[in-house]
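Asks: Here is a sequence together with a model predicted from it:
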Amino acid sequence: MAHHPKHHNHHHADHHHDDMFFETQSEVMHEHHTVREELIHHIPYAIFSVAFCLVTLSFVAFSTIGTDNPKLIKTGSNILFHSFHFMHIVFAATGTLITFLRFSKNWIKALIVGVGSPLIFCTLSDCILPYLGGTLLGVKMHFHLCFLSELPNIIPFLLVGMLNGFILSRHNSSRQAFYSVWSHFIHIFISALASSFYLVSHGFTTWYQQIGMVFLFLIVAVVIPCTLSDVVVPMGFARMGAQNERHKDRKS
């Protein structure tokens, strides 16, 4: 009795189609090499992410209508800020290591960039830039740095994010590029939420009266630090290390 390998061929075709899709994504991710190109490439992610963020923030504001206690609104927003800030660290650490380990297999440098880059750029986008943005818009802002007061909470999220990055870096390179695209989109969305709830919880409770300026500010506040954290710094750090190793090899 003859066997008909239709199902096998169909499965093989699907698998081939998936591989072609991931390879296409990989090519897209590798097209951009300069900081300017990376920023331009990631601006659409920032615009969509910030737009979704403002929708979320608007629903939260709507749910507090009738609450005449600004302190209560600030307390609730502060809880949301810290939650999204910690989640932001997970995605930042994951994205940093995926990018670094695509260009270098130096595990010591991977640990250094995996710790340093998320801590610096998450603090910049979630705390420092929102504080400066609110101040520039004429709001009396209260300055708060999580790195100084919340380190016991930050460390577990940082370690889990790094572990996640190490695991994903062992997957097929074309699939890593696919993960990078979607993790970067979610990374920017969470960063925008953290930044916006920082604004509300630290003084800018009437943000909706200047929503246009808040929209523009959030795009700038998240696209530059997140692109630096996810792509530019780990890629540059990996390439710098590779160049130094090649230079040493030539000397020897």
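Replies: Cool, got the structure.
Asks: Nearest the geometric middle of this protein, what residue?
Replies: Nearest to the mean C-alpha position of the chain, counting by CA atoms, centre = their mean, stands residue 187 at 3.0 Å.
Asks: which residues touch that one?
Replies: For residue 187, the contacting residues are 88, 91-92, 95, 226, 230, by CB atoms under 8 Å, 6 or more residues apart in numbering. For every residue, glycine as well, the C-beta is placed using N, CA and C.
Asks: In JSON lines, list the residues you listed along with neighbour count and pLDDT.
Replies: Shown next, in JSON lines, are the contacts of residue 187 (neighbours: other CB atoms under 10 Å; pLDDT from 0 to 100):
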{"residue": "88", "neighbour count": "31", "pLDDT": "96"}
{"residue": "91", "neighbour count": "27", "pLDDT": "93"}
{"residue": "92", "neighbour count": "31", "pLDDT": "93"}
{"residue": "95", "neighbour count": "27", "pLDDT": "89"}
{"residue": "226", "neighbour count": "29", "pLDDT": "86"}
{"residue": "230", "neighbour count": "28", "pLDDT": "84"}
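Asks: any chance of those residues in a markdown table, with distance to residue 76 and secondary structure too?
Replies: Shown next, in a markdown table, are the contacts of residue 187 (distance: CB to CB, whole Å; DSSP: H, G, I helix; E, B strand; the rest coil):
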| residue | distance to residue 76 | secondary structure |
| --- | --- | --- |
| 88 | 19 | helix |
| 91 | 23 | helix |
| 92 | 25 | helix |
| 95 | 29 | helix |
| 226 | 25 | helix |
| 230 | 29 | helix |
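Asks: Which of those sits closest to residue 142?
Replies: Using CB to CB, residue 88 comes nearest to residue 142 of these, at 20.0 Å.
Asks: Isn't that closest one up against residue 122?
Replies: Yes: between residue 88 and residue 122 there is a contact under CB atoms under 8 Å: 5.2 Å.
Asks: how about the nearest residue to the residue nearest to the centre of the chain, chain neighbours excluded?
Replies: Using CB to CB, 6 or more residues apart in numbering and skipping the chain neighbours, the partner closest in space to residue 187 is residue 91 (3.9 Å).
Asks: Go ahead and confirm the one you found touches residue 183.
Replies: Yes: with contacts counted by CB under 8 Å, residue 91 reaches residue 183, the gap being 5.9 Å.
Asks: if we can go back for a sec, so the residue nearest to the centre of the chain is in which element?
Replies: Taking DSSP states H and E as the definition, residue 187 sits inside helix 173-201.
Asks: and the residue nearest to residue 103 when sequence neighbours are not counted, how far is that from residue 102?
Replies: Once flanking residues are discounted, residue 103 sits nearest to residue 238: 3.6 Å by CB to CB, 6+ apart. For residue 238, the distance to residue 102 equals 8 Å [CB to CB, to the nearest Å].
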